[in-house]
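Enquirer: predicted model and sequence follow; I will ask about them next.
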Amino acid sequence: MRIRPSKAALHAAHGLLKKISADNLPVALRLKNSIFRLAKEFEQAHSHAPNIEELESDLFSRLTRDGKIRHYFNAVAAVEMKYPELYQLHCKRTVGHHRSTLHDIISGNISSIEEWIHQPEGKQYDKIYDKLKFHLLRYHTDACERILEHAQNVLNDPQYQGLVMAASRLAKTECEFVPALNFEDWLLEDDDKFYMDKFTAFADKLSVPVKYVYGMEDYLEFDKETLPFSLDCQLKIRDFLSYEIEDISELNRHASFASLLFGDYRSFTTYCQRWPNFFREELYFHHNLKNQNHFYDQNINYRQWGETLLKFGPQMLYYLDLFPDIGEMPRLKSGEINLKKTKGQIYDYLLATTPPEDAIFSDLRRFCFDNQLDNESYEGAKYLLSKCANLPNTSVEIPEISVDGENFGMPGYNFKMLSYEDYRVFFPGKFTGCCEKLYDHCRNSVIHSYMTRESGFYVLTDPSDRIIAHSWTWRSNEGYLVFDGFEAPQNDRRVTNKLIRNILDAFCEKLTDPRYADFDIFALVLGESGKGLRPHDSLPKLENITTIEGNISDWYSPEDAQILGEIEGYLGYSSSFSIFRLNPSYAANMDLAGPEPKPPGE
């Protein structure tokens, strides 16, 4: 008879595995089977199950007493992992049980794909063609070409775009790893000779090729003995980052900065193991640093910041940007950095450096700080608040309808129009992972919404009032109510096409209420978002699926353009309104006891 560990033993084993993972993910993965074997053996040896804390403690004790496992633990922990190894390790962990199916896709096993797509799970892919084309052609494999040829018309459902991203990561592990920058083709001949002479002299002092130091202006006065970081560590990190960074000056600067923060290559790769989102945006570390112009300052305790990054993750880069020379951070009795007090100290500094006239915006400042929004975002929102202080807090064009989650199968959730008094109205994309927020390329929807009150944002919130999906909502020239596509975090499986159908059904029931008759809405248009969320199946009230053609700029009035031009000029944007489009966009028209809607221009 096969004996299975109890829930208590499994819980303890998972807890132990999680603790080991935090220190060294490769070790945790390799010791997984041993940990669960020990859990089963321990339970067999006891007539009663101890509490979870005792069990976990005993498991850890047994694990560390095992000579082979202890030796293996120490040996693996000391390994300095290179980029391909770490990437493949993370990929195997995230892809999980979908690995075999995705492997068939990547390898171009067409017969397996055709068999798979006729199964229920096979109909849960959409836009995989575009995603694979974007992510995989970089690796120039025949397999990519084959799957692109066959996948275009057979894989459906945008809710599995998270798996599409997993497929792209998996594809990378199946291909030969090639650094993004081809150093052999790298040329310096177009650079100013004065600066090149300086970099050449610096490279000679360090005994490295000049291409390894190009862009490192902050360190020109140092030699190999006085350099504020280990050159060996910097070169290893540079090699690691070269798989993602193509600009050679950025590559050298970021490798140097990472060396200042982490001190050694092992700490840097430990950070990458602990915070696997590093790979989701293709070099998360670089992604967070690319807009930060950190120059070397001997007054900054870089190693202290590196310690916070290892412990608390990429969020600390935001605080590093705000207050790099914070001094000694407060610590707990255990010696670990006290994150709560550290954040409080940084916020106090932020308030102390805020002009007195900004005191009326203290709530906005706190909101931006809590949500890690930069100073540009704060200044933009502050300007909009000042400019529009006398506008009404309701829209004359968009009905404010609230649909309780009970009506669409998610008790505790809510679908509602985001209030103009809610600071999130400036940054809805911050919470859904899209570009509809100030200081991003789809900012005009936010600006138009707030400055004209002729458009707005409908949001889906969870029981804690956190935004998990949103749609910019506006009125077309024909009077249609337009949901300009639903946006949601790419890996949030709660937001599905079925859910959107249920929400729209419940919303339209509310829309027929006489209270909203003055809005004169007889049709609803549902655009397709960048995430591809759009119900494909017809609803009782969504009988006609058609294509609405027209440019969003068609409904901008001259007054709108003047207002937007003013705010864009203040924020340093170029005035470009054509980035919003339903041309062409799949749309669903809803007949609400009015004439049948027609595409613009007909």
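Expert: Looks like it arrived, so ask away. Numbering: from 1, shown residues only.
Enquirer: ok, longest strand in the protein?
Expert: Among the elements of the chain assigned as strand by DSSP state E, the one spanning the most residues is strand 467-475.
Enquirer: what packs against it?
Expert: helix 428-432, helix 444-452, strand 456-461, strand 481-483 (3 or more CB pairs under 8 Å, 6 or more residues apart in numbering; DSSP states H and E). The way it works is simple: take the backbone N, C-alpha and C, and place the C-beta from them, glycine included.
Enquirer: state the mean pLDDT of it.
Expert: Averaged over strand 467-475, pLDDT sits at 90.
Enquirer: quick one: the helices in the stretch 301-450 of the chain, in order.
Expert: Here the stretch 301-450 of the chain has its helices, by DSSP state H, counting those that start in this stretch, at 302-312, 316-322, 339-352, 362-370, 375-387, 428-432, 444-452.
Enquirer: which strands or helices does the second one pack on?
Expert: Applying 3+ CB pairs under 8 Å, 6+ apart, one finds that helix 316-322 contacts helix 284-289, helix 302-312, helix 339-352.
Enquirer: redo that, cut-off 6 Å
Expert: For helix 316-322, the helices and strands in contact under the criterion 3 or more CB pairs under 6 Å, 6 or more residues apart in numbering; DSSP states H and E are helix 302-312.
Enquirer: again, but for the last one
Expert: In this structure, helix 444-452 packs against helix 558-571, with contacts taken as 3+ CB pairs under 6 Å, 6+ apart.
Enquirer: again, only using 8 Å
Expert: Under the contact definition 3+ CB pairs under 8 Å, 6+ apart, helix 444-452 sits against helix 375-387, strand 467-475, helix 558-571.
Enquirer: check which residues of the first one are buried.
Expert: Of all the residues in helix 375-387, those buried under the rule 16 or more other CB atoms under 10 Å are 377-382, 384-385.
Enquirer: among those residues, which two are most distant?
Expert: Distances among those were taken as CB to CB; the most separated pair is S377 and L385, at 12.5 Å.
Enquirer: worst mean pLDDT among the helices and strands packed on strand 467-475?
Expert: Minimum mean pLDDT among those: strand 481-483, a mean of 80.
Enquirer: and the angle for whichever helix or strand comes after that one with strand 456-461?
Expert: Counting by DSSP states H and E, the element after strand 481-483 in chain order, helix or strand, is helix 497-511. In terms of direction (axes from the mean of the first three to the mean of the last three CA atoms, to 10 degrees), helix 497-511 departs from strand 456-461 by 120 degrees.
Enquirer: could you give the angle of helix 497-511 to strand 467-475?
Expert: Counting by the same axes, to 10 degrees, helix 497-511 lies at 50 degrees to strand 467-475.
Enquirer: could you export helix 497-511 as CSV, CA atoms only?
Expert: Extracted C-alpha coordinates of helix 497-511, given in CSV (Å, rounded to 0.1, in the frame of the first residue of the first chain):
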residue,chain,number,x,y,z
ASN,A,497,-14.1,36.7,-22.8
LYS,A,498,-16.9,34.8,-21.0
LEU,A,499,-16.7,37.3,-18.1
ILE,A,500,-16.8,40.3,-20.5
ARG,A,501,-19.9,38.8,-22.1
ASN,A,502,-21.6,38.4,-18.8
ILE,A,503,-20.6,42.0,-17.7
LEU,A,504,-21.9,43.5,-21.0
ASP,A,505,-25.1,41.6,-20.7
ALA,A,506,-25.7,42.9,-17.1
PHE,A,507,-24.6,46.4,-18.1
CYS,A,508,-27.1,46.5,-21.0
GLU,A,509,-29.9,45.4,-18.7
LYS,A,510,-29.0,48.4,-16.5
LEU,A,511,-28.7,50.7,-19.6
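Enquirer: what comes up buried for that helix?
Expert: For helix 497-511, by 16+ other CB under 10 Å, it's 497, 499-508, 510-511.
Enquirer: adding distance to R274, write those residues out as TSV.
Expert: Converted to TSV, the buried residues of helix 497-511 look like this (distance: CB to CB, whole Å):
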residue	distance to R274
N497	35
L499	33
I500	35
R501	39
N502	38
I503	37
L504	41
D505	43
A506	42
F507	42
C508	46
K510	46
L511	48
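Enquirer: which one in the residues you listed is the model shakiest on?
Expert: Among these, pLDDT bottoms out at N497, giving 75.
Enquirer: quick one: that residue and A469, what's the gap?
Expert: Using CB to CB, to the nearest Å, we find N497 at a distance of 12 Å from A469.
Enquirer: ok, now F415?
Expert: 9 Å.
Enquirer: common neighbours of those two, please.
Expert: 459-460 (CB atoms under 8 Å, 6 or more residues apart in numbering).
Enquirer: mind checking how far L384 is from T308?
Expert: 33 Å.
Enquirer: before we move on, what about N502?
Expert: Applying CB to CB to N502 and T308 gives a distance of 43 Å.
Enquirer: may I see the buried residues of helix 375-387 organised as CSV, with distance to L261 added?
Expert: CSV is the format used below for these (distance: CB to CB, whole Å):
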residue, distance to L261
S377, 25
Y378, 26
E379, 28
G380, 30
A381, 30
K382, 32
L384, 35
L385, 36
